[in-house]
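**Student:** Following is a predicted model, sequence given first.
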Amino acid sequence: MEWQQIIEFLGGATVFGGVVAFLGKTAIDAYVIGRVESYKAELQRLTTEHSVRFQRLHSERAEVIKEFYAKFVQLDETLHSTLRAFQQVGEPVLKDKVAQLADQFNGLRTFYLPRRIFFAEPLCTLIDSILDIAKGIFFDITTYEVDPQSPEYVDNREALRERRDYWEKARSIHKEEFAQVRAQLETQFRALLGIEV
């Protein structure tokens, strides 16, 4: 009988051990599955949060690009109008155009500087060069009296010639350098907005 009791005991212990092992494995599986599901939910939350933040940033950047570009185009158009060799009848006088240039340049710069953070450094460098070129053009055309009909030039033909040279230099810079950086700016803005070229 002792052997029979031993076998019954071992059989019962084995069954009991199997049940405990099964329950333990089930508990561990449930724990692991719960942790995985919890991790997935947290990952989904973080992904959604990141997506919302990215969309908001992209939307804000798009708004900054839109406003900056509108101000930039106004400045470029005024530069073009001011630098034309022959002014059209009915247009504002050159002094008024130059004053408008100053206001537009300052407005563009004031708008851009606190928003530099929206752009990568290479784009900031490009925009800085645009501002430098525009400032240089402005200085060239204001080095001498703006109005070529000014009494200042009546007895000073040399000053009038130097004024003309500065204006020709400004026209050339606007036509070449400024046009090049404008094209680069437009390409980079399109890329940021996801517009295929």
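**Tutor:** Alright, I've got the coordinates.
**Student:** Show me the shaky parts of the chain.
**Tutor:** 1-21, 23, 43, 45-54, 197 (pLDDT under 70).
**Student:** for the residue nearest the centre of it, phi and psi?
**Tutor:** The centre of the chain sits closest to residue 119, judged by C-alpha atoms, centre = their mean, with a distance of 3.5 Å. Residue 119 has phi and psi values of phi -120, psi 150 when expressed as degrees, to the nearest 10.
**Student:** One more: residue 32?
**Tutor:** Dihedral angles (degrees, to the nearest 10) for residue 32: phi -60, psi -50.
**Student:** so how far is residue 62 from residue 189?
**Tutor:** In this view, residue 189 and residue 62 are 9 Å apart by C-beta to C-beta, to the nearest Å. Every residue, glycine included, has its C-beta placed from N, CA and C.
**Student:** So which of those two has more stuff around it?
**Tutor:** residue 189 (19 against 15; other C-beta atoms under 10 Å).
**Student:** secondary structure element for that one?
**Tutor:** helix 179-193 (DSSP states H and E).
**Student:** May I see the buried residues of that helix?
**Tutor:** Within helix 179-193, the residues scored as buried using 16 or more other C-beta atoms under 10 Å are 181-182, 185, 188-189, 192.
**Student:** now do stretch 89-109
**Tutor:** For stretch 89-109, by 16+ other C-beta under 10 Å, it's 94, 97-98, 100-101, 104-105, 108-109.
**Student:** How far away from the center of its chain is it?
**Tutor:** On the basis of C-alpha atoms, centre = their mean, to the nearest Å, stretch 89-109 sits 27 Å off its chain's mean C-alpha point.
**Student:** Tell me which residues are up against it.
**Tutor:** Contact partners of stretch 89-109, identified using C-beta atoms under 8 Å, 6 or more residues apart in numbering, comprise 68, 71-72, 74-75, 78-79, 81-82, 87, 131, 134-135, 138, 141-142, 146-147.
**Student:** Show the buried residues in those.
**Tutor:** Buried positions within these, assessed by neighbour count (16+ other C-beta under 10 Å), are 68, 71-72, 74-75, 78-79, 81-82, 131, 134, 138, 141, 146.
**Student:** Serialize these to a markdown table and add fields for distance to residue 173 and secondary structure.
**Tutor:** A markdown table is the format used below for the buried ones among the contacts of stretch 89-109 (distance: C-beta to C-beta, whole Å; DSSP: H, G, I helix; E, B strand; the rest coil):
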| residue | distance to residue 173 | secondary structure |
| --- | --- | --- |
| 68 | 21 | helix |
| 71 | 20 | helix |
| 72 | 16 | helix |
| 74 | 19 | helix |
| 75 | 14 | helix |
| 78 | 15 | helix |
| 79 | 10 | helix |
| 81 | 16 | helix |
| 82 | 13 | helix |
| 131 | 13 | helix |
| 134 | 9 | helix |
| 138 | 11 | helix |
| 141 | 10 | helix |
| 146 | 17 | coil |
